[in-house]
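Undergrad: how would this look folded up:
(chains A and B)
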Number of protein chains: 2
Amino acid sequence: MRLFIPLLLATTALATSVHADALRDTAAEIFKALPSTIPAIKDNPVTPAKIELGKALFFDPRLSASGVFSCYSCHNLTAGGDDNMETSVGHGWQKGPRNAPTALNAVLNEAQFWDGRADDLKAQAKGPVQAGVEMANTPEQVVITLGSMPAYVDWFAAAFPDETDPISFDNMARAIEAFEATLITPAPFDAWLNGDDAALSADAKAGLQLFMDKGCSSCHSGINVGGHGYYPFGLVEKPGAEVLPPGDKGRFKVTETASDEYVFRAAPLRNIGVTAPYFHSGKVWELPVAVEIMAESQLGEALKPEETTQIVAFLHSLTGTLPPVTLPVLPPETDATPRPTSIIK
Amino acid sequence: MRLFIPLLLATTALATSVHADALRDTAAEIFKALPSTIPAIKDNPVTPAKIELGKALFFDPRLSASGVFSCYSCHNLTAGGDDNMETSVGHGWQKGPRNAPTALNAVLNEAQFWDGRADDLKAQAKGPVQAGVEMANTPEQVVITLGSMPAYVDWFAAAFPDETDPISFDNMARAIEAFEATLITPAPFDAWLNGDDAALSADAKAGLQLFMDKGCSSCHSGINVGGHGYYPFGLVEKPGAEVLPPGDKGRFKVTETASDEYVFRAAPLRNIGVTAPYFHSGKVWELPVAVEIMAESQLGEALKPEETTQIVAFLHSLTGTLPPVTLPVLPPETDATPRPTSIIK
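TA: Take a look at the predicted model:
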């Protein structure tokens, strides 16, 4: 007996391992584990000085006209990199048109915003700063604000050492992009992809298998389990008007092509378990409900309750850990710093 | 010569040292260096579990009805512990009645708020959460919110291990107070009080001398250079109606005693150099102007420009360094968590 039991155990372990390997082999063709180093960014070398400047800017509410909102306000790094709201509240208590996406791992998306209208985070970062319903500021005012504080003058010079005029709206965006490149959140799914069989529960593994078999991974694939490619919301069956408001035609506004009506970028699903509510409309708070809506609208499939549970278990395995973020120390205003204004233009 | 020079230098050094010691001896009777350990709080033992819970609560915007505001919003730890605004913007874009005071070192104030209406931070913390123009929430709703998230249930149990019902509005406030007790910012002035002659510039030392000689330190004394005692704003001469709006009678509202009209708690001056704008009205942005207004209104004294410069140099020596604050990781909402509402009641 003594000899036999270990052998039997070894056989079982081997069988599990073979099975796990088959699932992993399939998954490895579709997804990719997060890197252990900060991703390189096209046209924007990431340096420690640029990361530090970008962190200060990310947390600085003086980028907004009112002094109330920073990038952090809607991309809250304590809470999944978003703001847990249907759509964000901005300048003058106005509501934004779409749900705030997470900033976590966003650097790895093919394009930014729900409709992919920004190619990268340095283009994206300029949007909310200027949007009247968000930070309601202007590039000119931002440059005056930053240039009024000697510490920022030094930090921009250190981050952009070869430039004669380092403080610019573009460089603000580049620095923020560099900081955001550090917001990478390795998750149990990455550990599993990297070979740790115990990192996923049996339910999560079954959910992963379903996620691939049912066709979810046709759109939600790659390193961010989505975040690239454009697809109609309601490929098979349009969801209700609350979830898909008729007035928001998605990518059509970007391309003005009829076939892009109600087309959106496939949502990246990392940290989806901590970034409710869901969809561009932010109308759905429960992850199982969101999964069922997607299965019906995109795949024409009514999931069994157990299937939903397993897919949700897989999605929770995408909840990762952010490297510790220490708050920056922002420079104080000077007499030359524009004063905040809460006036709504 | 070789023998003589060192002796002469020694004599000079001794003379400086004697002078510095005289100034320090006087200062030591009036002020006090910050402690190197977390201050004890009456009726609220500070434990690591309570600090961690308090930090999560301090950063959690779900303490507000809208999900927009946390304690951090107006007590921004990247920017001096306040919000750099005349008065804060709160729920529904409403403006608060008075300038947000810094949370840094606030645990060492004798009482909280501009009018001292809260005895301590655990009483203070309950105010903004419920104020209609700030976070617009209710104690009942806060308890439901916190109790809906298993991580908070665990954290409250760990922070209040002897209690059968640890999640309460009072315990929320106690935990926040415990976290705020860690927000202690040793400054050059502390280093100098502790014996480091080089920690203060000549201007700052001259300013300190003036600060004591002119009588500023009659009210702004103790460990927080203020933060205790109540005095009429305009003891000698009332400042203009913009700086001292007639409608805000200060401590009178607390005590309903005629002699308390326009009486306020002496402002604690630590980090005053990074917490503009000034006064309860937040109407003055320049520190030298604030110093001159105080000299005129409280002491009947018109300062010479050089005197103002020196006093301001001393005040800047009160700008301290916060221990590094790492962002907490907040638990995600559950189906039982009340949803944010931006509706203005």
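Undergrad: And residue A:35, how close does it get to residue B:229?
TA: If you measure residue A:35 against residue B:229 using Cβ to Cβ, to the nearest Å, the figure is 58 Å. C-beta here means a position set from N, CA and C on the backbone, and glycine is covered the same way.
Undergrad: right, I mislabeled it, should have said residue A:46
TA: 52 Å.
Undergrad: The two: who's more crowded?
TA: residue A:46 (20 against 15; other Cβ atoms under 10 Å in any protein chain shown).
Undergrad: Report the contact partners of that one.
TA: Residues near residue A:46 by Cβ atoms under 8 Å, 6 or more residues apart in numbering or on different chains: A:38, A:40, A:178, A:181.
Undergrad: So the first one lies in a helix, does it not?
TA: No - looking at residue A:38 with DSSP: H, G, I helix; E, B strand; the rest coil, it is coil, so not inside a helix.
Undergrad: how about the strands of the stretch 51-200 of chain A, start to end?
TA: Per DSSP state E, counting those that start in this stretch, the stretch 51-200 of chain A carries strands over the ranges A:89-90, A:94-95.
Undergrad: residues making contact with the last one?
TA: Strand A:94-95 is contacted by residues A:86, A:87, A:88, A:89, A:132, A:133, A:344, B:342 when judged by Cβ under 8 Å, 6+ apart.
Undergrad: so what's the first one up against?
TA: Listed by Cβ under 8 Å, 6+ apart, the contact partners of residue A:86 are A:95, A:99, A:277, A:281, A:282, A:283, B:340.
Undergrad: Tell me which two in those residues are the farthest apart.
TA: The largest separation in the contacts of residue A:86, counting by Cβ to Cβ, is between A:281 and B:340 at 15.3 Å.
Undergrad: In the stretch 151-300 of chain A, where is pLDDT below threshold?
TA: Filtered on pLDDT under 70, the stretch 151-300 of chain A yields no residues whatsoever.
Undergrad: give me the number of residues near the closest residue in space to residue A:76 that isn't next to it in sequence?
TA: Leaving aside its sequence neighbours, residue A:76 sits nearest to residue A:83 (Cβ to Cβ, 6 or more residues apart in numbering or on different chains; 5.6 Å). Residue A:83: 25 surrounding residues under other Cβ under 10 Å.
Undergrad: With residue A:163 instead?
TA: 12.
Undergrad: Over to residue A:117?
TA: For residue A:117, the neighbour count with other Cβ under 10 Å is 16.
Undergrad: thought it was touching residue A:254?
TA: Yes - here residue A:117 lies in contact with residue A:254, judged by Cβ atoms under 8 Å, at a distance of 4.6 Å.
Undergrad: quick one, phi/psi of the residue in the stretch 101-250 of chain A positioned nearest to chain B?
TA: Using Cβ to the nearest Cβ, the closest approach of the stretch 101-250 of chain A to chain B is made by residue A:185 at 10.5 Å. With angles defined as degrees, to the nearest 10, residue A:185 sits at phi -120, psi 80.
Undergrad: and the closest residue to it other than its chain neighbours, helix, strand or coil?
TA: Leaving aside its sequence neighbours, residue A:185 sits nearest to residue A:320 (Cβ to Cβ, 6+ apart; 2.9 Å). Here residue A:320 is recorded as coil under three-state DSSP.
Undergrad: Tell me the residues of the stretch 201-345 of chain A that contact chain B?
TA: Proximity of the stretch 201-345 of chain A to chain B (Cβ under 8 Å from any Cβ of the partner chain) is limited to residues A:273-274, A:276, A:285-286, A:321-322, A:324-330, A:332-333, A:335, A:339-340, A:342, A:344.
Undergrad: Find the nearest non-adjacent residue to residue A:46, please.
TA: residue A:178 is the one closest to residue A:46 (Cβ to Cβ, 6+ apart), at 4.7 Å.
Undergrad: For burial, what's the neighbour tally of the one you found?
TA: By other Cβ under 10 Å, 28 other residues sit near residue A:178.
Undergrad: Could you do the one 10 residues further on as well?
TA: Summarising burial for residue A:188: neighbours were counted as other Cβ under 10 Å, giving 20.
Undergrad: Hmm, residue A:281 is touching residue A:99, no?
TA: Yes - applying Cβ under 8 Å as the test, residue A:281 and residue A:99 come out as touching, 6.8 Å apart.
Undergrad: which of those two has more neighbours?
TA: Between residue A:281 and residue A:99, counted using other Cβ under 10 Å, the more crowded position is residue A:99 (24 against 21).
Undergrad: is it true that the more buried one touches residue A:280?
TA: Yes - between residue A:99 and residue A:280 there is a contact under Cβ under 8 Å: 5.7 Å.
Undergrad: Identify the contacts common to these two.
TA: In contact with both residue A:99 and residue A:280: residue A:114, using Cβ under 8 Å, 6+ apart.
Undergrad: Whichever of the residues of the stretch 201-345 of chain A next to chain B end up buried, select them in ChimeraX.
TA: Per 16 or more other Cβ atoms under 10 Å in any protein chain shown, the buried members of these correspond to this ChimeraX selection:
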select /A:273,274,276,285,322,325,327,328,329,330,332,333,340,342
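Undergrad: picking that back up, tell me which two of the contacts of strand A:94-95 sit farthest apart.
TA: A:86 and A:344 (20.9 Å).
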